[in-house]
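Chemist: what's the 3D shape of this:
(2 chains)
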Amino acid sequence: MCEDCGCHEGNEKKYFGHAHSHVHHHPHTHDHESAENESKNDAQTRVLNIEHNILAKNNHIASHNREWLTEKNVLTINLISSPGSGKTTLLQKTLKELKGKLNCSVIVGDQSTDNDAKKLKEHCENVYQIETKSSCHLTAEQVSKVLPEVVDEKTEVLFIENVGNLICPAAFDLGENFKIALLSTTEGEDKPVKYPVIFSDAKVVIMTKTDLIPHLNWDVKKCRNSIRQINPGVFVFELSAASGEGMSDWINYLRRL
Amino acid sequence: MHELSLADSMVQEIEAIMEKEGAEKVFSVTVKMGRLSGVEKEPFEFAFPIVAEGTKLEKSKLIIEESPVIVKCKDCMTETVLETPFAKCGNCGSRNVDYISGKEFLIKSLEIE
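Modeler: Numbers count the residues shown, from 1 in each chain, chains lettered A, B, ... in the order given. Now for the predicted structure:
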C-alpha cells in the first residue's frame, strides 16, 4: 500500500499503471498587492504557498516502481548517455559476461525501432523495447507499464537503457536504485562540466571506448578531473566493451552489489 | 525539449490543486527553478502557453524564480553559492561537499480565485 495516499494499486495482483496525483500543500489567505491583474481588489483572491514538485506524478509512480522492484529484490540501474557512447554494446557484453552468474532483465528506450532490443535479446531473454516516439526520455509511467512483463521471479538486476540524451532523462526518476552516466572517448573530456546535471546525479560514471585512446587526442586525466569537479565521490570505470579491457572490474562491481 | 512535457505535467498538477481548492482562476503561477534542475527557463516559458491553451491556466501569468546552486562542505560546514558547475567549498577548497540547493523544480505558489 502506498504510504502517501493509501492506494492499494501497488500490489502484485493489480499493477499500478495508474495516474493519480497527490497534493501536499498548505494554503493560507492573506492580503497582498497583486501585480497587474484583475484580482487586485478581489477579496476572493488568495495565494497558495505550496512548494509542490512539478514532477510529483512521475515521482510518485517512480516510488511505486522502486517499492515493487525492492519487494522482488531487484536492483535497478538507469543508464544515461549521449547517443552513440556505447550503452547497448556495453550491455551486450555485460549480459554475456553475467550469463549464469546474475539473472538480468532489460528495458531499452529509443525514439524508434527495436534494433537495440534485438541485439540484447541474443544475450538475455527478458528484454523489452519502449519506443518513445516524439519524447526524448523515458518516464516512470512507461516503465511501470512494462515492469510485470520484463521482470520475472528470477530477475536480480534490471538495466534500464534510457533514450540517448544527456539532458532530459536526468530529470525523470524511473524508480531505479541509481543512475549511471556514460561518456565515450570520442566525446569531449569536459562533457561532465558541460552537462553537470546528469554527472552530478550519477553514482557511477563509465568512460567507454578506451581502446580508441591511442587513435584520439584524448586526455584521460583531464576527463577524470572533469568528472571529479562535478561529482567528487563518484565511482569511475574506464573500459572498452569492444576489446574487453576494464570489463572485469565492472563485472565484479555488479556481482558485489 | 523535455520542457514541453514538464509544462504539461505542471498544468495537470495545478488543475488537480484547483479542483481540490475549488478555484476557478489562476492569476499567476510562481515556479522555483534550480540552476541544476535540468530545466531551462526560456524553453519552459515558451512551452507553458502552448500547453495551457484551452485550460483554466490559459490566461495565467508565469513567474520563474531561478535559484542558485548551493553546496555545503562536509569538512568545514560552510555553505557556498556556486557560480560555476564545479562542486567545491568556497572557504576551504574541499570537494567533499553535498548539494543542498539548486536541483529543485517546484510550483512555489499559486495566486488563485
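Chemist: what sits closest to A:Cys104 if chain neighbours are left out?
Modeler: Closest residue to A:Cys104 apart from its sequence neighbours, by Cβ to Cβ, 6 or more residues apart in numbering or on different chains: A:Val157 at 4.9 Å. In short, each C-beta sits where N, CA and C put it, glycine included.
Chemist: now that neighbour, which residues is it bridged with?
Modeler: A:Leu75, A:Cys104 (DSSP bridges).
Chemist: these two touch, right, it and A:Ile107?
Modeler: No - under the criterion of Cβ atoms under 8 Å, A:Val157 makes no contact with A:Ile107, lying 11.9 Å away.
Chemist: find me the pLDDT at residue 23, would you?
Modeler: Since no chain was named, I'll use chain A. At A:Val23, the pLDDT value in this model is 41.
Chemist: meant chain B, my bad for not saying
Modeler: Listed pLDDT for B:Ala23 reads 94.
Chemist: now do the contacts for it.
Modeler: Contacts here follow Cβ atoms under 8 Å, 6 or more residues apart in numbering or on different chains; on that basis B:Ala23 touches B:Ile17, B:Leu110, B:Ile112, B:Glu113.
Chemist: that one sits in which helix or strand?
Modeler: Under the criterion DSSP states H and E, no helix or strand holds B:Ala23.
Chemist: of A:Val157 and A:Ile107, which one has the most company?
Modeler: Per other Cβ atoms under 10 Å in any protein chain shown, whichever of A:Val157 and A:Ile107 has more neighbours is A:Ile107, with 26 against 20.
Chemist: and that one, what does it touch?
Modeler: So A:Ile107 contacts A:Val127, A:Tyr128, A:Ile130, A:Leu138, A:Val143, A:Val146, A:Val150, A:Leu158, A:Phe159, A:Ile160, A:Glu161 (Cβ under 8 Å, 6+ apart).
Chemist: helix or strand for it, which one?
Modeler: A:Ile107 is part of strand A:104-110, with elements assigned from DSSP H and E.
Chemist: phi, psi of the closest residue to A:Ser134 other than its chain neighbours?
Modeler: Nearest non-adjacent residue to A:Ser134, counting by Cβ to Cβ, 6+ apart: A:Gln111, 7.7 Å away. Here is the backbone geometry of A:Gln111 (degrees, to the nearest 10): phi -60, psi -40.
Chemist: and B:Glu15, by the same measure?
Modeler: Residue torsions, per degrees, to the nearest 10, at B:Glu15 are phi -60, psi -40.
Chemist: and for it, the neighbour number?
Modeler: B:Glu15 has 16 neighbouring residues, counting by other Cβ under 10 Å.
Chemist: pLDDT wise, what is it at?
Modeler: With respect to pLDDT, B:Glu15 scores 96.
Chemist: you'd agree it is up against B:Thr55?
Modeler: Yes - assessed by Cβ under 8 Å, B:Glu15 is found in contact with B:Thr55 at 6.6 Å.
Chemist: returning to what we had before: between the contacts of A:Ile107, which has the most around it?
Modeler: So for those (other Cβ under 10 Å), the most neighbours sit at A:Val143, 28 neighbours.
Chemist: report the angle between the host helix or strand of that one and strand A:104-110.
Modeler: Taking DSSP H and E as the definition, A:Val143 sits inside helix A:140-150. Going by axes from the mean of the first three to the mean of the last three Cα atoms, to 10 degrees, helix A:140-150 is angled at 140 degrees with respect to strand A:104-110.
Chemist: out of the contacts of B:Ala23, which sit inside helices?
Modeler: Here DSSP state H is the test, and those give B:Ile17 as lying in helices.
Chemist: CSV please, covering the contacts of B:Ala23 and showing distance to B:Ile64.
Modeler: Rendered in CSV, the data for the contacts of B:Ala23 read as follows (distance: Cβ to Cβ, whole Å):
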residue, distance to B:Ile64
B:Ile17, 18
B:Leu110, 14
B:Ile112, 18
B:Glu113, 22
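Chemist: also within reach of chain A: list those from the contacts of B:Ala23.
Modeler: Restricting the contacts of B:Ala23 to those near chain A by Cβ under 8 Å from any Cβ of the partner chain leaves B:Ile17, B:Leu110, B:Ile112, B:Glu113.
Chemist: in TSV, list the residues you listed along with neighbour count and distance to A:Ser85.
Modeler: Listed next are these as TSV, based on neighbours: other Cβ atoms under 10 Å in any protein chain shown; distance: Cβ to Cβ, whole Å:
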residue	neighbour count	distance to A:Ser85
B:Ile17	21	40
B:Leu110	25	41
B:Ile112	25	45
B:Glu113	16	50
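Chemist: what's the closest of these to B:Glu40?
Modeler: Set against B:Glu40, the nearest of the ones next to chain A among the contacts of B:Ala23 by Cβ to Cβ is B:Leu110 (22.2 Å).
Chemist: how near is that closest one to B:Ala52?
Modeler: Plainly put, B:Leu110 is 13 Å away from B:Ala52 if you go by Cβ to Cβ, to the nearest Å.
Chemist: which intervals of chain B have sub-threshold pLDDT?
Modeler: By pLDDT under 70, the low-scoring segments of chain B are B:1.
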